[in-house]
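Enquirer: just coords:
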């Protein structure tokens, strides 16, 4: 099978999770709001919600097309590296409410966990199933709007100071422990205690929330973070994950800034809109701010309890966000009126998030990408050029070393 031209429009499914915004994704894609919270726009070949690729007849699911001819749609090199499946999943995420605090496993942990649950006969769709596949799930989020998140354990001196500032009997002893004992031990013990040990009562959590509001109304260095924690507590009253949230760095991203989340890093997206790129996996271990299953033992086994400042990424001069993830690479591009080569030896998804971009192939075929539209580019199909004055385009592809220094114009923040 060959696609002519070497690019085609994608029709992308929307996921309607409760934390989503009812208006942000419709505004991006130029569609009418449905009244439902539209949380994620998926672009890729994940079997649970694949994009439909336009063709000479009706649009067809991208995962089915790849299975039919992986060498053409992925390229032989990508198939050798990752097998006959697209190794990444691109999303637009639009959060009006906090997502659950979560951690992703390493590939080895995912494989062991998946095999264990299979051996125990836990159905893949069971609510207490943790591992849906055998893969890891590193991810990268680039903000489209001002974006709030929690990411990684805060350095312990700052967390101890926050707990002292709150002055809550439930938390004050832990502030002392963070100053006296190794951070990795105390953070593990604290997380176990609030999720599976003594577990704070609704009344204790209400007291924590009241003190968060008090500190948020002051000039404290912790005021902004406390306001974010208090909003999360209001969305999930009585959830012990609130205490876990207090241990994490509160991060604000400006549009164009990004976070990379590797295995073991606890994180939660609080509010805002962003482009998210990840390995094509669905393995999540939750540790709070959720009505879903929390596997405490599994969580403790995969979480990294090493505190550090959150690492906020800015794009390189070529618009790339360097990460160690081989499955994916994300670039934020600003094409101009002058044609720039867009073809690569790897599969790509191009998403237009501002103005309008245009793809043109060597034989003169043209595809316009208005704001919110996405296209799939198969590899090795000959020259393809991209133009678009005032456009912003996100490019998702594999993390092939050959992509370094793509020659794109400098990204505008």
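Expert: Sure, I can see it. All of these numbers come straight from a predicted model, not from anything done at the bench.

Enquirer: wasn't residue 299 part of a strand?
Expert: No: Residue 299 is assigned helix when assessed by DSSP: H, G, I helix; E, B strand; the rest coil, not a strand.

Enquirer: so it makes contact with residue 285?
Expert: Yes: if you go by Cβ atoms under 8 Å, residue 299 and residue 285 touch, sitting 4.7 Å apart. The C-beta positions use only the backbone N, C-alpha and C, and glycine is treated the same way.

Enquirer: and for the two, which residues touch both?
Expert: Each of residue 103 lies in contact with both residue 299 and residue 285 under the rule Cβ atoms under 8 Å, 6 or more residues apart in numbering.

Enquirer: can you list phi and psi of the most centrally placed residue in the chain for me?
Expert: Nearest to the mean C-alpha position of the chain, by Cα atoms, centre = their mean, lies residue 276 at 4.4 Å. Here the main-chain torsion angles of residue 276 (degrees, to the nearest 10) amount to phi -120, psi 130.

Enquirer: just residue 52 next, same as before
Expert: phi -100, psi 130.

Enquirer: how much space between the residue nearest to it when sequence neighbours are not counted and residue 45?
Expert: In space, and not counting its chain neighbours, residue 52 is closest to residue 59: 3.7 Å by Cβ to Cβ, 6 or more residues apart in numbering. Counting by Cβ to Cβ, to the nearest Å, the separation of residue 59 from residue 45 is 13 Å.

Enquirer: who has more neighbours, the two?
Expert: residue 45 (27 against 15; other Cβ atoms under 10 Å).

Enquirer: residue 86 is in contact with the more buried one, correct?
Expert: Yes: with contact defined as Cβ under 8 Å, residue 45 counts as touching residue 86 (4.2 Å).

Enquirer: who touches both of those two?
Expert: Residues touching both residue 45 and residue 86 by Cβ under 8 Å, 6+ apart: 62, 63, 66, 280.

Enquirer: just those now: which is nearest residue 120?
Expert: Distances from residue 120 to these, taken as Cβ to Cβ, are shortest for residue 280 (24.7 Å).

Enquirer: burial measure for the closest one, as a count.
Expert: Neighbouring residues of residue 280 were enumerated by other Cβ under 10 Å; the total is 20.

Enquirer: any idea how far the nearest residue to it once chain neighbours are set aside is from residue 327?
Expert: Closest residue to residue 280 apart from its sequence neighbours, by Cβ to Cβ, 6+ apart: residue 89 at 4.9 Å. Remark: distance between residue 89 and residue 327 (Cβ to Cβ) = 9 Å.

Enquirer: so for those two, which residue has more residues nearby?
Expert: Neighbour count, other Cβ under 10 Å: between residue 89 and residue 327, residue 89 has more, with 27 against 22.

Enquirer: that one reaches residue 278, doesn't it?
Expert: Yes: if you go by Cβ under 8 Å, residue 89 and residue 278 touch, sitting 5.5 Å apart.

Enquirer: returning to that earlier point: so who does the residue nearest to residue 52 touch?
Expert: Residue 59 sits next to 11, 52, 53 when contact means Cβ under 8 Å, 6+ apart.

Enquirer: so what pLDDT did it get?
Expert: Listed pLDDT for residue 59 reads 94.

Enquirer: and residue 397, its phi and psi?
Expert: According to degrees, to the nearest 10, residue 397 has phi -150, psi -170.

Enquirer: who are the contact partners of it?
Expert: Residues near residue 397 by Cβ under 8 Å, 6+ apart: 88, 328, 329, 344, 346, 347, 348, 349, 403.

Enquirer: just flag the most distant two among these.
Expert: 349 and 403 (14.3 Å).

Enquirer: looking at those two, which one has more neighbours?
Expert: residue 349 (24 against 17).

Enquirer: what lines up beside the host helix or strand of that one in the sheet?
Expert: For residue 349, the element it lies in under DSSP states H and E is strand 348-354. The strands beside strand 348-354 in its sheet (DSSP bridges) come out as strand 374-377 (antiparallel), strand 392-397 (antiparallel).

Enquirer: ok, then the element right after it?
Expert: Heading C-terminal from strand 348-354, the first helix or strand you meet, by DSSP H and E, is strand 356-361.

Enquirer: buried residues of that following strand, list them for me.
Expert: By neighbour count on 16 or more other Cβ atoms under 10 Å, the buried set for strand 356-361 is 357, 358, 359, 360, 361.

Enquirer: what lies in contact with the top helix by length along the chain?
Expert: Counting residues, the longest helix in the chain under DSSP state H turns out to be helix 202-216. By Cβ under 8 Å, 6+ apart, the list of residues contacting helix 202-216 from outside reads 165-168, 170-171, 200, 222-224, 226-227, 229-230, 233-234, 237-240, 242-243, 246.
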